[in-house]
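> Please work out how this folds:
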Amino acid sequence: MFKIILSFLLSAFLFYPFYNSGELTVCTGGKSQGEFNVVSKKEVDKIIGFDGLSFSLSESELESLISRYRASMICSDTVDGVECFYYYSPSISKIEVVRGKKVNVHVVKANGKITVGIPFIYYGY
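Predicted coordinates for the structure are as follows:
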């Protein structure tokens, strides 16, 4: 359990330079059925035991994140103009399974906005 909590805290700090809004959404207590809280960059060190993180990025920040974490695209979908991309990075310990493959970076491009979820976006985008 300690290892899981530590890996999530490390993930939060690893992605700290990439989210530009000053806030990130933290999902706790059950993924899509869980509780969602918006926290500031100043509060990121207080996050313990969460299911996922999500935040907004610019296109260049997304490219940097994918490159830095050696994330490989696994698959993608487009529905009603909403583009979803699923990546896997060996640097991120938390995973979900999409189409039978491991993913841990979920990217959604919609309405000119890019939202990134680690390992998944568990709420609306």
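
> Please enumerate the helices of this structure.
Taking DSSP state H, the helices of the chain run over residues 2-14, 59-68.

> Quickly, which of these bottoms out on average pLDDT?
Ranked by mean pLDDT, the helices of the chain end with helix 2-14 at the bottom, a mean of 48.

> Give me the neighbour count for the residue lying closest to Gly81 once chain neighbours are set aside.
With C-beta to C-beta, 6 or more residues apart in numbering as the criterion, Gly81 has its nearest non-adjacent residue at 6.9 Å, and that residue is Ala110. All C-beta spots, glycine's among them, are computed from the backbone N, C-alpha and C. For Ala110, the neighbour count with other C-beta atoms under 10 Å is 15.

> same question, Gly29
11.

> okay but it is in contact with Asn37, surely?
No - look at Gly29 against Asn37 with C-beta atoms under 8 Å: they stay out of range, at 10.3 Å.

> so where's the protein uncertain?
Within the chain, the stretches with pLDDT under 70 are 1-22, 27, 33-36, 40-49, 124-125.

> how far away is the residue nearest to Gly81 from Glu59?
Distance, Ala110 to Glu59, using C-beta to C-beta, to the nearest Å: 14 Å.

> do Asp77 as well
Asp77 sits at a distance of 19 Å from Glu59 (criterion: C-beta to C-beta).

> which one of these two has more residues nearby?
Comparing Asp77 with Glu59 by other C-beta under 10 Å, the one with more neighbours is Asp77, at 12 against 9.

> how many other residues sit next to the nearest residue to Ile114 once chain neighbours are set aside?
Counting by C-beta to C-beta, 6+ apart, Leu57 is the residue found nearest to Ile114 once chain neighbours are left out, at 5.1 Å. Residues lying near Leu57 (other C-beta under 10 Å) number 20.
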